[in-house]
Each structure stands twice: as structure tokens, then as C-alpha cells.
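Engineer: Okay, predicted coordinates and the sequence, questions at the end:
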Amino acid sequence: MTAPLITIVVVPRERFSCTQRSLESIYGHTNTPFHLIYVDGNSPKAVRCYLQGAAQSKGFELVRTECYLHPNQARNLGLARVATPYVVFIDNDVIVSPGWLEALVDCAEATGASVVGPLMCQHEPVHQEIHFAGGESHIWMDKVGRYRLREKMACQGQAVAKMRYQLRRQPTELAEFHCVLVRTAIFAQIGCLDEAMLNTKEHLDFCMSVTRAGGSIYFEPAALVTYVPGPPLEWSDLHYYMLRWSDDWTLASLHRLRDKWGLAEDGYFQSKYKRLGWRRYGTIIEPFARSLTLGIGSGLVARVLARLERPLNRYLTAQHQQAQQKHQLLPVAVDLPPVPATTPSLAQASSAHSIL
């Protein structure tokens, strides 16, 4: 039997209640041989027991920690065990479709790409609304010499039925960690994933690092997958969700991106700062306020609850840091030299000031 070319590394994204559905879609819709490493970052008891049983019956490797993980921590735990030419990182709330993995590998083999991203959909019903179809991620220099970030996601919110036959395999600057295939050899050039990118924009950091190292990124629309975010959340999801989208983690990630790539703190960053906590507000606080008030005056109640929730969020973050220290899982940062003004970019064709 031919040894698999691919290792699939499944990691927690923001909740655990989609675990079984996601994993069963992988085994149900994947014909290409693969290894699978499942990184279980402190899932609740019912999920833990399911994963233990599934690992025995399906023969995959289960790696568990007794504290919650930053996304890149989880990916690096899986990556350290990969011995195949390709690795696929996929979140535990992603539902795949038939032929997804074959399409990603075919693209990588045909193009020599270092990274391949699928046609990523969002919400339910699955595979109908586009979340991401490639995009832009590069650094450019403005007229006063400041380095600034360009980020753009293609086709977000469009219907798959409308757009799919217009989409083509093509080079892109951006792929997302919801699901992405990576040629394992690229990590010898860029190092492991930067664990100082705690919860947001880590895909930008990764893709720009790949581009800087001379690697290529492709979008492959023949691979179709969907991530299924909350709400609703189960009670056992709440602690991890609040931590995963905490203010402290978000600020630390944005500051890391800014400082690592020498970026000006412009409107891009200011807009992110203003939206701190928006996921917790929309997924937890606002639905809870509506249930309390039956929708009458729920906006005011939600704003009050949001002010009360922020100290709790800071407490959870501090407690988690202590847990990470206890289990010796503190983040590992990856540094890059200063951004050179001569680094090539796909975007140079449209912007004379693009540098990465």
C-alpha cells in the first residue's frame, strides 16, 4: 500500500460542539489516503470521550492538552508530528465535501504551490454562501514612507451557485487556516507558525511569510468546504469561546502583526481596536439579552452586560496564562528581519508602492 502524501491536522477553532460532525465529514468525503492528527485542546468530557473512541476505531493520532490552546499552538503541536510532503490544517468546525482533498493536492502537484486554499463557505446550509475565494495580503508603502497592510477577501457573501463557475484556479496572496494545504518543506524556510499571533490575522502573517520566502499560494475552487460558526453555542463551549476571542488575545495579536512587519498604526488597526469583543457580543451577550427581555429593550441590556463581561474576560485570560505556565505551553514567537523594500509581490502589477 502506498504511503499517504498528506497529514490532516485538526485543531480547535472556537468551540467543541461541531467536533463529531466535522470529523465524520472528513472520513466520509475523503478518498485520498491520509494520516490524521487530532489536537484536542481541553475539550469537555463528552467530546473527549468521543475523540478517544474515534481515535481507536479510525486509527488516528490523538494529542490532548489539559488547557485551552491558541490556534497556532495547536497547529504547531500537530506539525511537529508530520512526516508527509503535505499537511492540511483544518479547524474542528469545518464540513468538507466530496473530492475536497484530491482537488487541493492536484492543484499543489500541478502548480508547485507551497500553499493551496479551497473555496471556503460559511454558515448553514453548508456549501452555499462563500466566505473566502482567495484575496490580497501584502504590505505597501504610502507617500510618506509608512509601511501599511492591504487585506482583501474575494467574493465574501456571494452565493456559490452564482459564482462557482466563474471561479478559476489561480495564484493568490491569501489563504485561511479554516482549511489550507501546505507543502511541508516550506517550514524549513519560514520556521514554525508564530504562536505570538494568539487569535487573529495569523493567516496573514503566515501567507506573507511564505511569499517572502519565495513560495507561491494558489486558490482552488474545485475544493469546497464550509466552516460553521456559532451561535448557537453549548454551555460547554462558552469558556473557550470567551477566551478564544478575548480582548487581550486580540490586542496582543494585532500588536504582534504591527511590530513584526513594521506597520504603521493606521486606520486598519484603529478599526480593529474599535471592534474589540464583537464576536462575544454578537454570539453570547446579545442572544442572552434577548432571551432575558423577550426582545424588549434588549439593546440596552446587552450594552450593560457587555460592560460587566469585560472584567470577567480579563480574569479568564489571566487564569489561562497561569494554566499555560503550569503545563509549560507558553507561546513561541517567530521573528523576521526588517521588511526589505525589494521584496516581490503579486500586487506590484497594480500598485507601484507594494513591497510584499
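Structural biologist: That came in fine, so what should we check first?
Engineer: is it true that Leu36 lies in a strand?
Structural biologist: Yes. Under DSSP: H, G, I helix; E, B strand; the rest coil, Leu36 sits within a strand.
Engineer: pLDDT wise, what is it at?
Structural biologist: At Leu36, the pLDDT value in this model is 98.
Engineer: Distance check, it against Val225.
Structural biologist: 16 Å (CB to CB, to the nearest Å). Using the backbone N, CA and C atoms, a C-beta is placed for each residue, glycine as well.
Engineer: which residues does the closest residue to Arg13 other than its chain neighbours bridge with?
Structural biologist: Leaving aside its chain neighbours, Arg13 sits nearest to Asp91 (3.8 Å; criterion: CB to CB, 6 or more residues apart in numbering). Listed by DSSP bridges, the beta-bridge partners for Asp91 are Val11.
Engineer: if I pick Asp91, what's in contact with it?
Structural biologist: Asp91 makes contact with 10-13, 22, 177-179, 227, according to CB atoms under 8 Å, 6 or more residues apart in numbering.
Engineer: which one's the longest helix in the protein?
Structural biologist: For the chain, the helix that runs over the most residues, judged by DSSP state H, is helix 298-326.
Engineer: Next, the buried residues of that helix.
Structural biologist: Buried residues in helix 298-326, defined by neighbour count with 16 or more other CB atoms under 10 Å: 298, 301-302, 305-306, 309, 313, 316-317, 320, 324.
Engineer: Among the contacts of Asp91, pick out the one closest to Ile217, please.
Structural biologist: Nearest to Ile217 among the contacts of Asp91 is Phe177, at 12.9 Å by CB to CB.
Engineer: where's the closest one, which helix or strand?
Structural biologist: Here Phe177 sits in a region with no helix or strand, counting by DSSP states H and E.
Engineer: Okay, and the closest residue to it other than its chain neighbours sits in which element?
Structural biologist: Spatially, and ignoring its direct neighbours in sequence, Phe177 is nearest to His203 (5.0 Å; CB to CB, 6+ apart). In this assignment (DSSP H and E), His203 forms part of helix 202-212.
Engineer: and that helix, what does it pack onto?
Structural biologist: Judged by 3 or more CB pairs under 8 Å, 6 or more residues apart in numbering; DSSP states H and E, helix 202-212 is in contact with strand 135-141, helix 187-190, strand 217-227, helix 247-260.
Engineer: hey, which of these is tucked in deepest?
Structural biologist: strand 217-227 (a mean of 25; mean count of other CB atoms under 10 Å).
Engineer: Report the rounded mean pLDDT for it.
Structural biologist: 98.
Engineer: In the sheet, which strands lie alongside that strand, parallel or antiparallel?
Structural biologist: strand 94-96 (antiparallel), strand 115-122 (parallel), strand 170-171 (antiparallel).
Engineer: report the angle between the axes of the second one and strand 135-141?
Structural biologist: What that stands for is strand 115-122. Per axes from the mean of the first three to the mean of the last three CA atoms, to 10 degrees, the angle that strand 115-122 makes with strand 135-141 is 120 degrees.
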